[in-house]
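Asker: the following comprises the amino acid sequence and a computationally predicted model.
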Amino acid sequence: MMDQSDPFDFFNSWMKEAIKAEPNMPEAMCLSTVAKNGTVSSRMVLLKDYNRQGFVFYTNLESRKGRDLTLSGRASLCLHWKALERQITIQGNAEPVDAATADAYFASRPRGSQIGAWASRQSDAMTPPDALEIRVGEFTKKFADGPVPRPPHWSGFCVVPDRIEFWQGHESRLHDRLVFTGGGNDWTKETLFP
Ligand SMILES: Cc1cc2nc3c(=O)[nH]c(=O)nc-3n(C[C@H](O)[C@H](O)[C@H](O)COP(=O)(O)O)c2cc1C
């Protein structure tokens, strides 16, 4: 049975073990969001930072997920590490990352990704079929050899958790499930039937 008392320390220890056990994108996570009409949608994103406030990823704010999060604020994350038979699910409010933090992360990205962030109207229908290529060309020309600033429609969200569940697989499906509910430094811990 798992005996961790702090969900952030627990997350950190599992993430470190996942980095050793899963060389292929251990930081990949499924993000689910909800639209105004109640439609739920899911997609993968990369966890770029985590701390005692929450779990940070970056995206296009005008994408489907970006619009959902701006409207409802609610997010669910799911990380799964097959080699470890572990899953962590997180629910919380997605809060915008501050501009300086987003600028610093954007500046650290490869130039091609920076141009791509300007060129892609993420989640919009692409017409004509070569619209992306054309836009990449336009923005490559626009920024010439100078620095590429962060687009206003591109930033990060920090999912500030109010529920974090740790799942450890075991034989005969007698898995461990440890759930923390609360927030900040005030968490209630309970175990659930598998
Ligand atoms: C492993 C993996 C990691 C991804 N990471 C990101 C990411 O960090 N940010 C992002 O905007 N899209 C990422 N994507 C693409 C998204 O899954 C998705 O296709 C895109 O963001 C558009 O989503 P939306 O239309 O639901 O908003 C990733 C895809 C995969 C498969």
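Answerer: Good, I have the coordinates. Numbering: from 1, shown residues only.
Asker: switch to C-alpha atoms for all contacts and neighbour counts from now on
Answerer: Fine.
Asker: got the residues of the protein near the ligand?
Answerer: Selection of the chain residues close to the ligand by CA under 6 Å from any ligand atom yields 28, 43-46, 57-60, 63-65, 123.
Asker: and the residue nearest the centre of the chain, what element?
Answerer: Per CA atoms, centre = their mean, the C-alpha nearest to the average position across the chain is that of F57, at 3.9 Å. Secondary structure from DSSP states H and E places F57 in strand 55-60.
Asker: taking strand 55-60 as reference, get the angle to the helix or strand just after that strand.
Answerer: Using DSSP H and E, the helix or strand that follows strand 55-60 towards the C-terminus is helix 64-72. Put simply, helix 64-72 runs at 110 degrees to strand 55-60, going by axes from the mean of the first three to the mean of the last three CA atoms, to 10 degrees.
Asker: partner strands of the biggest strand by length in the chain, parallel or antiparallel?
Answerer: For the chain, the longest strand by residue count, based on DSSP state E, is strand 154-168. Here strand 154-168 is paired, per DSSP bridges, with strand 55-60 (antiparallel), strand 86-96 (antiparallel), strand 176-183 (antiparallel).
Asker: let's have these in a markdown table, adding mean pLDDT.
Answerer: Formatted as a markdown table, these follow (pLDDT from 0 to 100):
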| stretch | mean pLDDT |
| --- | --- |
| strand 55-60 | 98 |
| strand 86-96 | 98 |
| strand 176-183 | 96 |
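Asker: tabulate these (CSV), appending distance to P23.
Answerer: Formatted as CSV, these follow (distance: least, CA to CA, whole Å):
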stretch, distance to P23
strand 55-60, 19
strand 86-96, 15
strand 176-183, 24
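Asker: now do the buried residues in the longest helix anywhere in the chain.
Answerer: Longest among the helix segments of the chain by residue count, using DSSP state H, is helix 7-21. Using 16 or more other CA atoms under 10 Å as the test for burial, helix 7-21 gives P7, F8, F11, W14, M15, A18.
Asker: gap between the last one and A99?
Answerer: According to CA to CA, to the nearest Å, A18 stands 30 Å off from A99.
Asker: again with the fourth one
Answerer: For W14, the distance to A99 under the criterion CA to CA works out to 29 Å.
Asker: surely S155 and V97 touch.
Answerer: Yes. If you go by CA atoms under 8 Å, S155 and V97 touch, sitting 6.9 Å apart.
Asker: please say which of these two ends up with more neighbours.
Answerer: A direct count of neighbours by other CA atoms under 10 Å for S155 and V97 places S155 higher, at 23 against 17.
Asker: quick one: contacts for the more buried one?
Answerer: Listed by CA atoms under 8 Å, 6 or more residues apart in numbering, the contact partners of S155 are Y58, T59, N60, L61, P96, V97, A99, A102.
Asker: make sure the first one is actually in contact with H153.
Answerer: No. The pair Y58 and H153 fails to qualify as a contact (CA under 8 Å) at a distance of 10.8 Å.
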